[in-house]
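1. predicted structure and sequence below. I'll ask about it afterward.
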Amino acid sequence: SDNERRAAVQTGIGASKLVVIPNGVRLIPPEIQLRSRKTTRHSMDLPSNSVCIGFVGRFAPQKKPERVIEAFALLKQRTSSNVHLAMIGRGQREVELRRLVSRLGIEDSVHFLGDVDGAAHMPAFDILAHASSFEAFGYIFVEALSAGIPIVTTRVGGVEELISTGVTGYVCDPWNPSIFADYLQLLVDDPEQRSAMSVAARERAAEYTVAKMVDATAELYNRLCASADLPQVAPATYETLPTNSE
């Protein structure tokens with residue numbers, strides 16, 4: 001991300017030695033995502049009228065999953081909508097997180113799904129909640145946007161490029177659980193806004209494809225090879241690249 005590039009320059013690395021190549025994902029057609037949404041939500045026993053907020057990541061200190069749970073508990077107090085939280089991941093803090101959910105009295109609305117495929121479950125979400133303290137450029141952001149899911153997040157690597165306030169999501173900076181819950185509520189209680197942001201999210205994700213990532217990487221190698229008088233890199237065959245779920 002551009003944020004990582006600036007951090008590298010601050011450590012003393014020459015700017016001319018740094019090139020930013022954003023991560024890319026293979027885009028899945030909306031009709032396939034719709035079928036996946038119905039199947040996945042059914043497997044999660046989510047009510048048809050529910051709004052599902054999703055978290056995907058390791059249950060580790062850096063990812064701050066407890067922040068999402070705390071903000072969700074505040075959201076439950078403020079909205080009349082039927083909201084659920086899906087927690088995807090495993091890690092050292094899982095027992096602590098389950099205790100927190102119990103202490104907050106939101107067990108019926110929080111689903112711990114384990115270490116399942118986050119990208120495959122993404123279409124079941126209506127909102128992605130992300131509150132980590134550090135990311136370089138998280139694939140999770142592009143995967144969510146490609147599924148048409150608006151994001152509420154802290155300010156970490158990749159956010160400046162991907163999240164436009166009120167367009168593809170909201171950025172909570174500095175961290176404040178009440179404000180984070182406010183952003184969630186804006187999306188939970190306004191399905192028309194979620195729908196508009198879903199369209200904008202897919203448009204933004206279209207700028208971050210596997211093909212563009214591979215092209216940019218090949219272009220960099222070819223430029224370096226040319227300067228060193230070495231053989232050029234052969235073009236990639238995108239049809240052979242795996243999908244997210246693979």
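-> Nice, thanks for sending it over.
2. give me the pLDDT for the closest residue to residue 94 other than its chain neighbours.
-> Spatial nearest neighbour of residue 94, chain neighbours left out: residue 59 (4.8 Å); criterion: CB to CB, 6 or more residues apart in numbering. Every residue, glycine included, has its C-beta placed from N, CA and C. For residue 59, the pLDDT comes out at 97.
3. now swap in residue 66 and tell me
-> Per the predicted model, pLDDT is 98 at residue 66.
4. output the contacting helices and strands for the helix or strand hosting it.
-> In the assignment (DSSP states H and E), residue 66 maps to helix 65-78. Identification of packing neighbours for helix 65-78 by 3 or more CB pairs under 8 Å, 6 or more residues apart in numbering; DSSP states H and E yields strand 51-56, strand 83-88, helix 94-104, strand 127-130, helix 177-188.
5. distance-wise, check the residue nearest to residue 94 relative to residue 81.
-> 26 Å (CB to CB, to the nearest Å).
6. go on, residue 187?
-> Distance from residue 187 to residue 81, by CB to CB: 10 Å.
7. more neighbours: the two, which one.
-> The neighbour comparison of residue 187 against residue 81 (other CB atoms under 10 Å) goes to residue 187, with 22 against 15.
8. what's the neighbour count on residue 111?
-> Neighbours around residue 111, by other CB under 10 Å: 17.
9. wait, a strand at it?
-> Yes: counting by DSSP: H, G, I helix; E, B strand; the rest coil, residue 111 is located in a strand.
10. show me where pLDDT drops low in this protein?
-> 233-246 (pLDDT under 70).
11. buried residues in the longest helix seen in it?
-> Longest helix of the chain, by residue count under DSSP state H: helix 210-227. Within helix 210-227, the residues that qualify as buried are 210, 213, 214, 215, 222, counting by 16 or more other CB atoms under 10 Å.
12. may I have it as PDB, with CA atoms only?
-> In PDB, the C-alpha atoms belonging to helix 210-227 read as follows (Å, rounded to 0.1, in the frame of the first residue of the first chain):
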ATOM      1  CA  VAL A 210      -5.200 -10.600 -10.200                       C
ATOM      2  CA  ALA A 211      -4.600  -9.600 -13.900                       C
ATOM      3  CA  LYS A 212      -3.500  -6.100 -13.000                       C
ATOM      4  CA  MET A 213      -1.400  -7.300 -10.100                       C
ATOM      5  CA  VAL A 214       0.400  -9.800 -12.400                       C
ATOM      6  CA  ASP A 215       0.900  -7.300 -15.200                       C
ATOM      7  CA  ALA A 216       2.400  -4.800 -12.800                       C
ATOM      8  CA  THR A 217       4.700  -7.400 -11.300                       C
ATOM      9  CA  ALA A 218       5.800  -8.600 -14.800                       C
ATOM     10  CA  GLU A 219       6.400  -5.000 -15.900                       C
ATOM     11  CA  LEU A 220       8.600  -4.300 -12.900                       C
ATOM     12  CA  TYR A 221      10.700  -7.400 -13.600                       C
ATOM     13  CA  ASN A 222      11.000  -6.600 -17.300                       C
ATOM     14  CA  ARG A 223      12.100  -3.100 -16.500                       C
ATOM     15  CA  LEU A 224      14.800  -4.400 -14.100                       C
ATOM     16  CA  CYS A 225      15.800  -7.100 -16.500                       C
ATOM     17  CA  ALA A 226      16.200  -4.500 -19.300                       C
ATOM     18  CA  SER A 227      18.400  -2.300 -17.200                       C
END
